[in-house]
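Asker: fold the following for me, if possible:
(one chain, ligands or ions: 2)
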Amino acid sequence: MSLPILTIVVPCYNEEEVFTKSYTQLKMVLEEIIENGDIDRHSQLLFVDDGSADRTWEKISEACVLDSSVSGLKLSRNFGHQKALLAGLEKAVNDSDCIVSIDADLQDDVHVIKEFVNKYAEGYDVVYGVRKKRDTDTFFKRVTALGFYKLMKKFGLSLVYNHADYRLMNKKSLEEMLRFKETNLFLRGIVPLVGFKSTTVYYDRKERAAGETKYPIAKMLAFALDGITSFSVKPIRLITILGFLASLSSLAAGIYVFISIMMGKTQSGWASLMISIWLIGGLLLMSVGLIGEYVGKIYEEVKRRPRYIVEENINNLEKSKTPANIK
Ligand code: UDP
Ligand code: MG
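Answerer: Ligands and ions are numbered 1, 2, ... in the order given. Here you go, the predicted structure:
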């Protein structure tokens with residue numbers, strides 16, 4: 001029986017500081033798994049440069065020349081983590097039997113990949129890496145992330161708790177996942193929708209090896225909002241219910257005003273009237289804004305724009321190996 005070919009896909013955005021360390025560690029793990037006889041010796045590392053402004057791509061292409069087990073993909077600009085990962089997955093799927101995705105910053109324990117491969121050998125199609133605790137994250141990040149998961153659950157989107165994009169997928173499940181063609185990509189929400197036999201592996205998440213987070217608060221909020229609005233229309237229903245309740249209370253206010261008039265105290269209604277105007281105005285604005293979110297999504301989806309654009313493709317991945325043939 002031939003051994004499975006594993007590809008490890010690593011999206012990188014301005015990661016020159018951490019690249020060498022990341023490459024060395026991943027390479028070590030890959031070698032170990034190959035030595036164990038669990039994967040084919042054509043297994044690979046694939047680094048995707050997501051339009052970095054620093055020397056990340058230089059470092060990747062250097063590694064590609066020196067090491068035929070490394071491939072590189074350079075996107076034409078910064079498309080964002082999810083799309084960079086998607087680009088890597090789409091490139092890797094043809095030449096691999098199983099694919100692991102991991103961040104470049106070494107926050108996820110690379111040794112867990114061995115366990116991923118074991119689970120794959122046991123017949124699991126998808127293996128989720130789940131972090132045990134979030135000690136090394138800042139308090140702020142911990143609280144916002146937890147709030148995000150809880151909110152998502154309320155909105156009816158089943159996410160694997162504390163799982164980021166550190167996972168293994170086999171060819172079959174990845175091919176199916178790649179059939180989801182939405183522009184608003186939220187991969188960790190899509191993977192559970194694909195189904196198949198899955199399991200989880202637990203690990204400790206560390207601090208970034210070097211560099212700083214590429215997810216500042218604004219990007220994080222955008223990511224959360226994207227996640228919710230891409231998968232659930234519940235916020236719209238929530239607004240509808242709110243609107244209904246607001247209408248009901250205005251009815252009560254109407255009765256109150258009527259009684260006030262009957263009692264001859266009409267002037268005193270001014271304050272509550274003002275409040276109502278503001279309340280209804282606010283609700284209306286909020287509703288329109290939210291509907292706008294979805295309309296905006298439809299707009300983006302119908303354009304069917306390419307989700308990423310490749311500038312350079314260093315391909316050591318193909319089975320018919322010609323080392324470092326730069327296209
Ligand atoms: N990343 C990317 N494009 C971006 C932002 C991030 O490819 O626009 C990569 C980044 O290089 C890293 C991974 O996505 O490998 C996760 O980013 P980061 O570690 O900054 O996020 P955090 O762990 O802080 O959520
Ligand atoms: Mg990180």
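Asker: ok, longest helix in this structure?
Answerer: Scanning the chain for the helix with the most residues, using DSSP state H, yields helix 270-303.
Asker: after that helix, which helix or strand is next?
Answerer: Downstream of helix 270-303, the next assigned helix or strand under DSSP states H and E is strand 310-315.
Asker: so which elements touch the longest helix of the chain?
Answerer: Using 3 or more CB pairs under 8 Å, 6 or more residues apart in numbering; DSSP states H and E as the contact criterion, the elements in contact with helix 270-303 are helix 217-231, helix 234-262. Any C-beta I mention is one placed from the backbone N, CA and C, and that applies to glycine too.
Asker: dump the ones you listed into a markdown table; add mean pLDDT as well.
Answerer: Compiled in a markdown table, the helices and strands packed on helix 270-303 are given as follows (pLDDT from 0 to 100):
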| stretch | mean pLDDT |
| --- | --- |
| helix 217-231 | 79 |
| helix 234-262 | 76 |
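Asker: just say which of the ones you listed is most tucked in.
Answerer: Sort the helices and strands packed on helix 270-303 by mean neighbour count, taking mean count of other CB atoms under 10 Å, and helix 217-231 sits at the top with a mean of 16.
Asker: other SSEs contacting that one?
Answerer: Counting by 3+ CB pairs under 8 Å, 6+ apart, helix 217-231 packs on helix 139-154, helix 187-194, helix 270-303.
Asker: how much space between Glu16 and Lys59?
Answerer: For Glu16, the distance to Lys59 equals 6 Å [CB to CB, to the nearest Å].
Asker: between those two, what contacts are shared?
Answerer: In terms of CB atoms under 8 Å, 6 or more residues apart in numbering, Glu16 and Lys59 are not both contacted by any residue.
Asker: out of those two, which sits in the busier spot?
Answerer: Between Glu16 and Lys59, Lys59 has the larger neighbour count (other CB atoms under 10 Å), namely 23 against 18.
Asker: that one and ligand 2: what is the separation?
Answerer: 18 Å (CB to the ion, to the nearest Å).
Asker: please apply the same query to Asn118.
Answerer: 25 Å.
Asker: need the pLDDT of the residue nearest to that residue when sequence neighbours are not counted.
Answerer: The shortest distance from Asn118 to any non-neighbouring residue, by CB to CB, 6 or more residues apart in numbering, is to Asp38 (7.4 Å). Note for Asp38: predicted pLDDT of 91.
Asker: who's in contact with Asp38?
Answerer: Going by CB under 8 Å, 6+ apart, Asp38 touches Leu3, Lys114, Val117, Asn118, Ala121.
Asker: just to be sure, it is in a strand?
Answerer: No. Asp38 is assigned coil when assessed by DSSP: H, G, I helix; E, B strand; the rest coil, not a strand.
Asker: tell me the phi and psi of Ser101?
Answerer: phi -110, psi 140 (degrees, to the nearest 10).
Asker: so what's the closest residue to Glu32 other than its chain neighbours up against?
Answerer: In space, and not counting its chain neighbours, Glu32 is closest to Lys114: 7.0 Å by CB to CB, 6+ apart. Shown in contact with Lys114 (CB under 8 Å, 6+ apart): Val29, Glu32, Ile33, Asn36, Asp38.
Asker: may I see the buried residues of the helix or strand Lys114 falls within?
Answerer: For Lys114, the element it lies in under DSSP H and E is helix 112-121. For helix 112-121, the neighbour count (16 or more other CB atoms under 10 Å) marks Val112, Ile113, Lys114, Glu115, Phe116, Val117, Lys119, Tyr120 as buried.
Asker: shouldn't Val29 be in contact with His111?
Answerer: Yes. With contact defined as CB atoms under 8 Å, Val29 counts as touching His111 (6.2 Å).
Asker: can I get the helices and strands packed on helix 270-303 in TSV including distance to ligand 1?
Answerer: Converted to TSV, the helices and strands packed on helix 270-303 look like this (distance: least, CB to the nearest ligand atom, whole Å):
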stretch	distance to ligand 1
helix 217-231	7
helix 234-262	24
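Asker: possible to save those as TSV with distance to Ile102?
Answerer: Listed next are the helices and strands packed on helix 270-303 as TSV, based on distance: least, CB to CB, whole Å:
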stretch	distance to Ile102
helix 217-231	18
helix 234-262	32
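Asker: give me the neighbour count for Cys64.
Answerer: A count of neighbours around Cys64, defined by other CB under 10 Å, yields 23.
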